[in-house]
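In: Provided below are the primary sequence and the corresponding predicted coordinates.
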Amino acid sequence: MVRSRFSLPTVPAGVAVVALGVLWGAGFPAIDAVVAELPPLGAAGLRYAVSGCIVLAYAAATVDRLLPRSLRELLGVVVVGTFVFCGYQAGLYLGTEHVTGATAAVVTTTSPIVAALVAVPVLGESRGRLDALGFCFGGLGVVVLAGPSLGGGSVSATALGVGMVFVGTALFAVGAVTVQVLDGGLPTVALQGWAMVLGAALLFVGAAARGEPLPDVTAMSPVGLASLTYVILVAGAGGYLIYFQLVSRIGATETTLVAYLEPLSATLVSVLLFGTSLGLRTVVGFLAVAAGFTLVSRETVRRTVAELRSTREGATAGRPSDD
């Protein structure tokens, strides 16, 4: 239950979806700039250590329960922290050393496709021919982005980067589906906050295991420091606070549709601010992944469009008349 003494301003659901897609999408090229100056796992750990503390502070001000009360709830925190905030972020940050943020954003768009596949054995969901076609399109998009060399014996840096991001995305999907089985009633904002802190701790352990030096923020360039600030405060803490509001209003599944906007936002920021060129492979890969996403999530798309339309009509109906 949310306390009335403090809450975020309510904005139309459609505006919140677009804002979240833009904020998270712009975070991908920002990660590009960050990993160019900081060790990847240490940078990811720093991001979620700070963001997690901010989210927990928000949870303390808005929900009546901050701590897990059962083993089921504790396992939920462990699953999200390990798979979503450690595994996914590790794959993303390590992969972004080899591919652009725009390419990484397209790869992560396969998350709902992989989640639908994982839900078959975990949640007992059934899938039809259109879903199978969607899986094929998603896989084709990843292959196009990786651009494997059929005649060479070595793996290219691009293929390695795409592979790392895809593995991280798959771990995200596994965690997002599995936690549904472990739902014990802990408020989402509290669960995510603790999971961020746990994920950050695991990322720091991974950084130490890789022999990474400690992130030296004082040695960063102005662009790198601005990018780090953005991924921590804006895309990190700010983005998740918008996400929590959306989940409470239109549902977690429907909120995944922001994945449509993330690659577009990432590409625009990469081209306009960082001067990154957009290759044909990225465009074709995005179209293939988007087609797969649409097929697999077609019912979610319909529900979300209907929900956003009813929300907008309700807001319009509630406005005072000009008469």
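Out: That came through, no problem.
In: Below-threshold pLDDT in the stretch 151-300 of the chain: ranges please.
Out: 151-155, 248, 250-256, 278, 300 (pLDDT under 70).
In: quick one, helices of it?
Out: Along the stretch 151-300 of the chain, the stretches classed as helices by DSSP state H, counting those that start in this stretch are 157-181, 188-209, 222-229, 239-250, 252-255, 261-274, 280-296, 298-317.
In: closest one to Ala16 among the ones you listed?
Out: helix 239-250 (5.2 Å; Cβ to Cβ). For glycine as for every other residue, the C-beta is placed from the backbone atoms N, C-alpha and C.
In: between the closest one and helix 188-209, how many degrees?
Out: On the basis of axes from the mean of the first three to the mean of the last three Cα atoms, to 10 degrees, helix 239-250 is oriented at 140 degrees to helix 188-209.
In: Rebuild the helices of the stretch 151-300 of the chain as TSV, extending it with mean neighbour count and distance to Ala30.
Out: Formatted as TSV, these follow (neighbours: other Cβ atoms under 10 Å; distance: least, Cβ to Cβ, whole Å):
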stretch	mean neighbour count	distance to Ala30
helix 157-181	21	15
helix 188-209	22	17
helix 222-229	17	4
helix 239-250	19	12
helix 252-255	19	21
helix 261-274	20	8
helix 280-296	20	18
helix 298-317	13	27
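In: Let me know the distance separating Val205 from Gly147.
Out: 33 Å (Cβ to Cβ, to the nearest Å).
In: scratch that, Glu299
Out: Where Gly147 is concerned, Glu299 sits at a distance of 33 Å (Cβ to Cβ).
In: for Val177, same thing?
Out: Distance from Val177 to Gly147, by Cβ to Cβ: 29 Å.
In: and Gly45, what pLDDT?
Out: Note on Gly45: pLDDT of 97.
In: check contacts around it.
Out: Shown in contact with Gly45 (Cβ atoms under 8 Å, 6 or more residues apart in numbering): Ala200, Ala201, Leu203, Phe204, Gly206, Ala207.
In: Could you export those as a markdown table, including distance to Ala26?
Out: Shown next, in a markdown table, are those (distance: Cβ to Cβ, whole Å):
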| residue | distance to Ala26 |
| --- | --- |
| Ala200 | 21 |
| Ala201 | 27 |
| Leu203 | 22 |
| Phe204 | 25 |
| Gly206 | 26 |
| Ala207 | 25 |
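In: where does the stretch 1-150 of the chain dip in pLDDT?
Out: 1-14, 123-126, 148-150.
In: Do you have the helices of it handy? List them.
Out: Going by DSSP H, counting those that start in this stretch, the stretch 1-150 of the chain shows helices at 13-35, 40-62, 71-79, 88-95, 101-108, 111-123, 129-146.
In: Let me know which of these is the nearest to Pro215.
Out: Between Pro215 and the helices of the stretch 1-150 of the chain, the tightest spacing by Cβ to Cβ is seen for helix 40-62, at 4.3 Å.
In: What about Leu117, how many residues nearby?
Out: 22 (other Cβ atoms under 10 Å).
In: any idea how far it is from Gly134?
Out: 10 Å.
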